[in-house]
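Asker: build me a model:
(chains A and B)
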Amino acid sequence: MFKKLIEESTGKSPWLFHINAGSCNGCDIELVAVLTPRYDAERLGFKLAGSPRQADIVVVTGPITAQSLPRVLRTIEQVPEPRCIVTMGSCPQSGNVFRGSYSICGPLSKYVHVDVDVAGCTPKPEAVIDGLALATKILQQKRREMK
Amino acid sequence: MDLPFIKEAISQLFSKPSTAMYPAVPSEAAENYRGRIVFHPDKCINCMMCERVCSGNAISHTVEKTDEGDKVTRTFYLGSCTFCATCMDFCGHGAIEFTRDYHMIATKEEDLMVSGTFIKKPPVRKAPPAKPAAPAASAKEPAAVTCETIAAEEGKAAAPAAMIAPRDDGKPVQVPARCVYCTLCAKKCPAGALTVDRAAKTWTLDEDLCVGCGTCAEACTKKAILMPGDEPVANVPAPKPAPKAAPAAAPAAPAPKAEEKPAEEPKAEEKPVEAPKAEEKPAEALQPRDDGKPVQDPSKCVYCTICAKKCPAGALTVDRAAKTWTLDEDLCVGCGTCAESCPKKAILI
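Answerer: Numbers count the residues shown, from 1 in each chain, chains lettered A, B, ... in the order given. Have a look, this model is predicted:
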């Protein structure tokens, strides 16, 4: 009886977990701008989770440095299925200007399936909101498929 | 009881929130925002400058040979772009444009690719007949392709001083009498189409590689390269402004060269008359040399070594500690780059 209610509710409040994989901090600041009152993604249900075990959407920023790679993968594994991985900015998609460096292990798509890419360096907060909205749709799709 | 902020608190209570209601209210990016790239393939001349300056290696191209010419597809990967717009700044033909569209959300990599295709036609050969057949004919090749040395030109002084006109096909033309073979154009050419041999005094253009971007003409300090739109010029050394020490209004060419080829051009006839004028007022000021090589003014020079670094021939040695400025006369080609780069104007040429 409550199953349908739970299903609809979870689709309306996906929790985010943010991983910084060697980012220059530009994307991190924009993500915080999305969540704080100016763009206030919380009015759309997005909430920053304290632990990866409570998250639905993982937002990765940064070019995946050699130091951060095992930690990124371990953190993503802790996120329960169904989960949605969003890359923010050019770095996790390609390495951007850091491409070819000895300490860069990216792109992230080499290791895990990436659902949504938000391009930009850094993306505008509006673009991040759009990306998260698309991630939520993909998440609901995945939930339905799991049943 | 004192309530200092009560007025502000009440006014905030009834005012609208400062949150941007984004998905409900569409938001437009600021003016000059650099978002999604738009590529105009019809304007691109495939000079590769954008690919060279791209810091994120976001620009690539593929070439497919067709009957009409090379089919070039240039691709911009927005997932690797820093949106620094350096490619747009370096594109001399306005083929790259940054729009204010920031909606760059993709589920596949292909969604972030911006590409354009154009056909680059092979260059039109001006003198196709008998080129491979007679190697001896190479000396008679059109001036635009391989140019003889200045000395050879002077040897053939009987021949009228040819007017050199820019070409119609957008490619550069060398003015041999102005060229000092400093190789700056060859170093600047993004396509690697120019070969300049300083020893042999040859300037060779590879017509297949040249894209007609005009970088060589811009780089040339002697204005020895003509591009379409330039005025045709006579094949004589460029007129020079009079040196500061002798403020003669009329341009004076280096005297010895003008004397060596008398009556080659009406212009040249005037020069020997004017050139001594410049030498008549020596005062105590430093005089530029007659052979086109630089002279240092020790009173102005701060020994910053910029001239030595800029010299394409490596002919200058500047020691900042010992305050010496040495010119290797054998290496110097007299291009004038040192005088141009000198921030203190301490070099006369």
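Asker: just want the most central residue of chain A.
Answerer: What sits nearest the mean C-alpha location of chain A, by CA atoms, centre = their mean, is A:Val59, with 1.8 Å.
Asker: that residue sits in which helix or strand?
Answerer: Counting by DSSP states H and E, the element that carries A:Val59 is strand A:57-61.
Asker: part of a helix, is B:Cys307?
Answerer: Yes. Membership of B:Cys307 in a helix is supported by DSSP: H, G, I helix; E, B strand; the rest coil.
Asker: distance check, it against B:Gln12.
Answerer: Distance of B:Cys307 to B:Gln12, computed by CB to CB, to the nearest Å: 64 Å. Quick note: C-beta positions are derived from backbone N, CA and C, even for glycine.
Asker: for stretch A:103-123, buried residues please.
Answerer: A:104-109, A:114-123 (16 or more other CB atoms under 10 Å in any protein chain shown).
Asker: least confident of those residues?
Answerer: Within the buried residues of stretch A:103-123, pLDDT reaches its minimum at A:Gly106, with 78.
Asker: I figured that residue hits A:Gly95, correct?
Answerer: Yes. With contact defined as CB atoms under 8 Å, A:Gly106 and A:Gly95 form a contacting pair (4.7 Å).
Asker: shared neighbours of those two, anything?
Answerer: A:Pro63 (CB atoms under 8 Å, 6 or more residues apart in numbering or on different chains).
Asker: neighbours of the residue in the stretch 151-300 of chain B that chain A sits nearest to, just the number please.
Answerer: Nearest residue of the stretch 151-300 of chain B to chain A, counting by CB to the nearest CB: B:Pro190, 21.1 Å away. By other CB atoms under 10 Å in any protein chain shown, 19 other residues sit near B:Pro190.
Asker: OK, contacts around it?
Answerer: Counted by CB under 8 Å, 6+ apart, B:Pro190 has contacts B:47-49, B:52, B:211, B:213, B:215.
Asker: ok so, going back, and B:Cys307 and B:Gln12? Which one has more around it.
Answerer: Neighbour totals were compared for B:Cys307 and B:Gln12, and B:Cys307 leads with 25 against 11 (other CB under 10 Å).
Asker: contacts only, for that one.
Answerer: Residues in contact with B:Cys307 (CB under 8 Å, 6+ apart) are B:294, B:316, B:318, B:337-339, B:341-342, B:347.
Asker: distance of the closest residue to it other than its chain neighbours from B:Thr215?
Answerer: Computed as CB to CB, 6 or more residues apart in numbering or on different chains, the closest residue to B:Cys307 that is not its neighbour in sequence is B:Cys338, at 3.7 Å. Per CB to CB, B:Cys338 is found 21 Å from B:Thr215.
Asker: more neighbours: which of these two?
Answerer: Using other CB under 10 Å, the more surrounded residue of B:Cys338 and B:Thr215 is B:Cys338, with 29 against 22.
Asker: need the three-state assignment for that one.
Answerer: helix.
Asker: distance of it relative to chain A?
Answerer: B:Cys338 sits 35 Å away from chain A, going by CB to the nearest CB, to the nearest Å.
Asker: so how far is stretch B:53-63 from its chain's centroid?
Answerer: Computed by CA atoms, centre = their mean, to the nearest Å, the chain-centroid distance of stretch B:53-63 equals 21 Å.
Asker: render the CA-only coordinates of it in PDB, please.
Answerer: The C-alpha trace of stretch B:53-63 is given here as PDB (Å, rounded to 0.1, in the frame of the first residue of the first chain):
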ATOM      1  CA  VAL B  53      46.600  27.000 -29.100                       C
ATOM      2  CA  CYS B  54      43.900  24.700 -27.400                       C
ATOM      3  CA  SER B  55      45.000  24.000 -23.800                       C
ATOM      4  CA  GLY B  56      42.600  21.200 -23.300                       C
ATOM      5  CA  ASN B  57      43.300  19.300 -26.600                       C
ATOM      6  CA  ALA B  58      39.600  19.700 -27.300                       C
ATOM      7  CA  ILE B  59      39.900  20.400 -31.100                       C
ATOM      8  CA  SER B  60      40.700  17.700 -33.600                       C
ATOM      9  CA  HIS B  61      40.300  17.100 -37.300                       C
ATOM     10  CA  THR B  62      40.100  14.300 -39.800                       C
ATOM     11  CA  VAL B  63      41.000  14.500 -43.400                       C
END
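Asker: list the buried residues of that stretch.
Answerer: So for stretch B:53-63, counting by 16+ other CB under 10 Å, buried means B:53-54, B:56-59, B:61.
Asker: tell me which two in the residues you listed are the farthest apart.
Answerer: Checked with CB to CB, these reach their widest spread between B:Gly56 and B:His61, with 15.5 Å between them.
Asker: ok, which of the buried residues of stretch A:103-123 also contact chain B?
Answerer: When the buried residues of stretch A:103-123 are filtered against chain B using CB under 8 Å from any CB of the partner chain, the residues retained are A:109, A:115-121, A:123.
Asker: pull the most distant pair out of those.
Answerer: Maximum distance among those (CB to CB): 20.2 Å, for A:Asp115 and A:Cys121.
Asker: now the chain, which segments are flagged as low pLDDT?
Answerer: Since you didn't name a chain, this refers to chain A. Filtered on pLDDT under 70, chain A yields no residues whatsoever.
Asker: that's the other chain; I wanted chain B
Answerer: Along chain B, segments meeting pLDDT under 70 span B:1, B:123-162, B:237-285.
Asker: care to break it down by domain?
Answerer: Under the assignment automatic domain parsing, the domains of chain B span B:22-120, B:135-234, B:286-349.
Asker: could you pull out the helices in chain B for me?
Answerer: Ranges of helices in chain B, per DSSP state H, are B:6-14, B:49-53, B:86-90, B:150-155, B:184-188, B:215-219, B:255-260, B:266-280, B:306-310, B:337-341.
Asker: repeat that for chain A.
Answerer: A:3-12, A:26-35, A:69-78, A:91-94, A:125-146.
Asker: distance to chain B and mean neighbour count added to those helices, as TSV?
Answerer: Listed next are those as TSV, based on distance: least, CB to the nearest CB, whole Å; neighbours: other CB atoms under 10 Å in any protein chain shown:
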stretch	distance to chain B	mean neighbour count
helix A:3-12	14	11
helix A:26-35	9	20
helix A:69-78	18	15
helix A:91-94	4	30
helix A:125-146	5	19
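Asker: mind checking how far stretch B:63-80 is from the chain centre?
Answerer: Distance, centroid of stretch B:63-80 to centroid of chain: 25 Å (CA atoms, centre = their mean).
Asker: which parts of it are buried?
Answerer: Going by 16+ other CB under 10 Å, stretch B:63-80 has these buried residues: B:72, B:74, B:76-80.
Asker: could you measure from the residue in the stretch 101-250 of chain B that chain A sits nearest to over to A:Gly120?
Answerer: Residue nearest to chain A within the stretch 101-250 of chain B (CB to the nearest CB): B:Met104, separated by 3.7 Å. Distance check for B:Met104 against A:Gly120: by CB to CB, it reads 6 Å.
Asker: residue contacts, B:Tyr77?
Answerer: A:94, B:58-60, B:109, B:112-113.
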